[in-house]
Every structure is written in structure tokens, then in C-alpha cells.
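Visitor: The following block contains a protein sequence and its predicted model.
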Amino acid sequence: MVSSAGSAIEWFDFFSYGTAAALVFNKLFFPASDPLVGTLLAFVTFAIGFVARPLGGIVFGHFGDRVGRKPALVTALFLMGGSTAVIGLLPTYDAIGVAAPLLLVVLRLLQGIAVGGQWGGAVLIATENAPRGRRGLYGSFAQLGVPAGLMLSSLVFLVTTSALGEKQFAAWGWRVPFLCSIALIVVAIFAQFKLEETEDSRQVKEEREASGTSRSPVVEVLRRHPRNVLLAAGAVVIVGAGFYLFVTYMLAYGTTVLGMPKSTLLNAVLVGAALQIPALMAFGALSDRIGRRKVYLTGALGMGLWAYPAFVLMNTERWPLVTLALVVGQLLFACMYGPQAAFFSELFTARVRYSGASLGYQLGVMLGGAFTPIVATWLYAKYDSFVPVAGFLGLAAAVSCVCVLVLSETYRQEEEAEDVAGVIDADNEPSLTAS
């Protein structure tokens, strides 16, 4: 539960930036630009956080495999809480000029490094402590941070935009979500005292100390498991692209292209995020029964096919249909994200698991999520149509489906390993008639 709570607040911090980038950052930090360029520049700073995430995966992966899952997770929580709180105190372009967007970029980089390191720690603490045959379900608990963080972010922005006027929100109301991240520092302190290191991590640490091995876990995973790292990254492309199309770009599309009220879109995102919570656990548990690949593929294929009808529903500007468009998109995301923690952790041995899972996931999210709002904004501006945007998401889904099909199924690994161990033990038992 500690890893879930920390993950929820950390994603709240990360999503708050995305929501602010879609709603106000184009005016506060890039006011000299026209609206389209300002929106693109705001999304560029949003993308920078994703570019930094693989770096976070490398740094914290090394730390997590060499020192332990717990200290890596706690450090990432502190980094995210501190950098996000500072964004809430950052002067705007009107106050300090070009230094404002530059500082915003630096803080966004720190956010990206932090979230790139946090995911691996939260996921491995959940999956490595899971009972036999329940890693999918237990791994989904760490994934709950995404919808919980998205709900908190959307709710805080909804309350502030509804309670304050446009001028008040632009003047100071947007800072409230970022300053709330101080709570993450409290969670990090609590985790430091309450979380226990996993048995797998303790064994790996003891083995490294006994063997005197000094090789970097990141170098080791790239030498021994490069195929799985690349395929995992490809499998995540649609996860990042689909999620950030539905929860970030759609906010900008609805407000700037369709002229819909912010509250309508934020309410729709809020409903989808709430439904994601039980969906993530259900899909995680289902992957324990029928396999990771089947569940994941269903979500990836569905996401690619849903893009076109989602835009058709958005263009009606009717709240029930807009909500349906965003909710289905988020549930298809949950179909992939639910089993993903167990799926990716099972692709790598305990010795390099933090580095391998983190690097594959963060590379994929960078490729799929970082540039989706930018590409979608550019495609719509160039063609004045949502069709190329829907086609872009379909292409991302095709890439991920191929990668998942190439990957091996992993959900029976534990049982197969125990069966092999049992056969070996039986073969080594002395015969009763040998004497």
C-alpha cells in the first residue's frame, strides 16, 4: 500500500504538469507566441519529462539492482516531491522573462528522472512480494498510481478552475496542484521507515558481495537481454501514445479546437480515471489466469481501433458522448497497464530486473508518450482533420502488437521453475533399493 500511495502522488505530480501544459502554460511561460506555437512549446516542455525518463531508469535501475529496491524508490519520491513543489513557486515569463521557461525545463527534467526511477521500485516491491500465481494482481496495485494520480490531478484542477475565475486561476490557482506535492515528501519519509526490502533484492545483493562483481547492472542487462529490452520498449509505445492522446491532447483539442469548457473535459477524464482503478486490478488478475500477452494484446489492438470513433464522439460536443470517448480509451489503457508490471518484471532475472524493466518501459513511454501531443497538434494543424491523428495512434498500436507477439509468455515461469526443481530433486534422491 505504501508503494501504491507513493506512486499515486508521484503520478499526480507528473499529470499536473500535463494538465497545466494543456490549459495555461502556453500563456504563462510562452506569451510572445501565437496560440498554436504557444501550445506546441508547452507540449515540448511536457515531452522533455519523458526524454529524461530513460535516464531515470538507468540511474535508479543501477541503484535499485546494486543497493536495493527500497532506497531507490524512496530517493525517487523525494526528488519528485521537491521538484514539483518548486514548479508551484516558479515565477512566470512576465516576472523574470526567458529564465522562467528555462527553469521550467530544468524542473521538468528532474520530474522525468524521478518518475523514471520510481516505477521500477514500486513495481518490483509489489511483484517480488506477491504470492505464487498472483504477480499480475499484485503488480496492478503499483499501477493504480496512474489513475489515482490522474483523478487527484483532474479533481484539483476541476475545483480550482470552477472556484476561481479565469484571471485568478491564471494568476495563482494553477500553482495549487504543484504545491500539494509536498505530501509526497511525507510519503517518502513514511516509506523509509515502513517498507521492507524484497527477498529477491537481498539475495542479489548478497550474491554480488560474495562474488565481488562490479559490472553495472545496466551494462549487464544490455549485454544479456537486449532483445527483451527493445521488445518491451516497443510494446509500451501504444501505452504511452494512447494514454497521453486521451488524457492530455484531448484536453487541448476540446478546448482550443472545439471550444468546449475545461470542466466538461476534466469531468470526463475524472470518470475514466475512477473506472480505471477496478479495471487495472481485474486485468492484472485476469493475466494470472490466461496469460499476460492475451490481455495486453486485446488492449493494444482495441486502442488502435478506438481512435477514430473517439474523435467522432468528441466532435458531437455532448458531455455523455465525450465522456464515453475518453472513458473507453482509458479502459483500453488499463487492459495493457494492468498486467504490464508482472509481464515486464518476468522478462528479466532478479539480478538486473530493476534496470531491465525500467529501461524497457521508460524507453517505450518516451517514444510513445513524449511526442504524441506534439505530433497530434501538428497533424491536426497541417491537415485540419482528426483522421491523420487517429491513423498515428493506429500505427503505434501496430508496432506494439508485433512486439508483444514476438515476446514470450511469462505468467507460468514460477510454476515451471518449481516443477523443474522438483524433477531435479527427485532425480538426485537415493534409490531405496540401491543398497
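Guide: Received it, and whenever you're ready, just let me know what you need.

Visitor: Not counting sequence-adjacent ones, nearest residue to the residue sitting nearest the centre point of the chain?
Guide: Geometric centre of the chain, nearest residue: Val146, 6.5 Å, by C-alpha atoms, centre = their mean. Closest residue to Val146 apart from its sequence neighbours, by C-beta to C-beta, 6 or more residues apart in numbering: Trp11 at 5.3 Å. From N, CA and C alone the C-beta is placed, and that goes for glycine too.

Visitor: Now do that neighbour, the pLDDT please.
Guide: Each residue has a pLDDT score; the one for Trp11 is 70.

Visitor: Surely it is in contact with Gln143?
Guide: No. With contact defined as C-beta atoms under 8 Å, Trp11 does not count as touching Gln143 (9.8 Å).

Visitor: ok, those two, which is more surrounded?
Guide: Gln143 (29 against 25; other C-beta atoms under 10 Å).

Visitor: Compute the distance between the more buried one and Leu137, please.
Guide: Here the criterion is C-beta to C-beta, to the nearest Å. By it, Gln143 lies 11 Å from Leu137.

Visitor: Which neighbours do the two have in common?
Guide: Here Gln143 and Leu137 have Gly284 as joint contacts, going by C-beta atoms under 8 Å, 6 or more residues apart in numbering.

Visitor: hang on, the earlier thing: the residue nearest to the centre of the chain and Pro217: what is the separation?
Guide: Taking C-beta to C-beta, one finds Val146 at 26 Å from Pro217.

Visitor: Could you do Glu346 as well?
Guide: Taking C-beta to C-beta, one finds Glu346 at 17 Å from Pro217.

Visitor: cool, and Val176?
Guide: In this view, Val176 and Pro217 are 39 Å apart by C-beta to C-beta.

Visitor: Repeat that for Ser400.
Guide: Per C-beta to C-beta, Ser400 is found 26 Å from Pro217.

Visitor: try Ile189
Guide: Using C-beta to C-beta, Ile189 is found at 27 Å from Pro217.

Visitor: Which of the two has more residues huddled nearby?
Guide: Applying other C-beta under 10 Å to Ile189 and Pro217 shows that Pro217 carries more neighbours, namely 25 against 13.

Visitor: what stretches of the stretch 151-300 of the chain score poorly on pLDDT?
Guide: For the stretch 151-300 of the chain, the stretches with pLDDT under 70 are 184, 188, 191-195, 208-209, 211-214.

Visitor: switch to 90 and redo it
Guide: 151-225, 243-244, 246-253, 255-259, 261-270, 273 (pLDDT under 90).

Visitor: in it, which spans are strands?
Guide: Using DSSP state E, counting those that start in this stretch, the stretch 151-300 of the chain contains no strands.
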